[in-house]
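S.K.: what shape does this take:
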Amino acid sequence: MWKYKTPGIPDEEFERIEDVPITKEEIRTLQISKARLFPGQIVYDIGCGSGSISVEAALQIESSGMVYAVDFDSKAIELTKKNLEKFGVSNVKIIQGDAKEKISQLPEADAIFIGGTGGDTKEIIELCEDKLKSGGRIVIGTILVETLFSVLSSIDKLNFKSIDVTQIIISKSRKTSTGTMMLARNPVTVISATKS
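M.R.: This is a model prediction of the structure:
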């Protein structure tokens with residue numbers, strides 16, 4: 001379905017439902033880039049939502065790698081399954097449940113994406129740090145200022161280096177009857193780091 005090697009599958013290509021969030025195309029592209037993925041890696045997508053990160057990461061790590069997509073919401077799990085099928089991706093294992101309980105059961109990871117954690121991001125980061133291989137990358141997308149503060153406090157206390165904080169503000173064009181206008185989307189802050 002997606003014949004390109006570069007990330008950035010357009011949002012409209014994904015199956016969507018209103019109650020389940022999607023990491024938007026431009027944000028997803030940056031997050032995939034910050035993870036520094038390559039074939040054969042083990043990747044977690046914690047709070048997988050629509051599965052857009054899982055799909056893009058799975059394409060990057062190819063069939064020799066594996067993505068573990070975790071979400072507690074059954075609607076998100078079903079939507080992720082639909083998107084994996086739509087894009088012909090088979091190297092993703094979907095896990096429904098509380099990430100705080102499921103992470104300990106996963107194999108060690110080379111890269112971890114965290115998003116949509118429902119307020120327990122700090123605990124999830126701590127659990128993920130234990131499961132991340134030395135030199136592995138963690139990438140966390142935040143919308144709320146409170147989550148950003150919590151993430152930075154946690155990352156700073158744990159065994160991470162090369163901490164990068166990038167805020168992305170995207171505007172997308174929309175045709176109107178008189179021309180084209182730019183509509184701003186919510187800013188997203190992406191924190192990425194390498195485990196020492």
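
S.K.: give the next helix or strand downstream of the helix or strand hosting K102.
M.R.: Here K102, judged by DSSP states H and E, is contained in helix 99-102. Later in the chain than helix 99-102, the nearest helix or strand by DSSP H and E is strand 109-114.

S.K.: buried residues, the helix holding K102. List them.
M.R.: 99-100, 102 (16 or more other C-beta atoms under 10 Å). Heads up, the C-betas are built off the backbone N, CA and C, glycines and all.

S.K.: can you tell me which of these is nearest S153?
M.R.: Set against S153, the nearest of the buried residues of helix 99-102 by C-beta to C-beta is K100 (18.1 Å).

S.K.: wait, the closest one touches I124, no?
M.R.: Yes - when contacts are counted by C-beta atoms under 8 Å, K100 is listed as touching I124 (6.4 Å).

S.K.: if we can go back for a sec, return the member of the buried residues of helix 99-102 nearest to E108.
M.R.: Using C-beta to C-beta, the buried residues of helix 99-102 come closest to E108 at K102, 14.5 Å.

S.K.: who's in contact with that closest one?
M.R.: 70, 95 (C-beta atoms under 8 Å, 6 or more residues apart in numbering).

S.K.: cool, T194 as well?
M.R.: 135-137, 160-162.

S.K.: can you say which of those residues are buried?
M.R.: 136-137, 160.

S.K.: end-to-end on stretch 119-139?
M.R.: 17 Å (C-alpha to C-alpha, to the nearest Å).

S.K.: check the average confidence over that stretch, would you?
M.R.: For stretch 119-139, mean pLDDT rounds to 94.

S.K.: can you list contacts of that stretch?
M.R.: Outside stretch 119-139, the residues that reach it (C-beta under 8 Å, 6+ apart) are 31, 34-36, 44, 46, 99-100, 103-104, 106, 108-114, 117, 140, 142, 147, 150-151, 153-155, 158-160, 190-196.

S.K.: just stretch 173-187 next, same as before
M.R.: For stretch 173-187, contacts defined as C-beta under 8 Å, 6+ apart pick out 24, 143, 167-172.

S.K.: make JSON lines out of those and add pLDDT and secondary structure.
M.R.: Formatted as JSON lines, these follow (pLDDT from 0 to 100; DSSP: H, G, I helix; E, B strand; the rest coil):
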{"residue": "K24", "pLDDT": "92", "secondary structure": "coil"}
{"residue": "I143", "pLDDT": "92", "secondary structure": "coil"}
{"residue": "Q167", "pLDDT": "96", "secondary structure": "strand"}
{"residue": "I168", "pLDDT": "95", "secondary structure": "strand"}
{"residue": "I169", "pLDDT": "95", "secondary structure": "coil"}
{"residue": "I170", "pLDDT": "93", "secondary structure": "coil"}
{"residue": "S171", "pLDDT": "94", "secondary structure": "strand"}
{"residue": "K172", "pLDDT": "91", "secondary structure": "strand"}
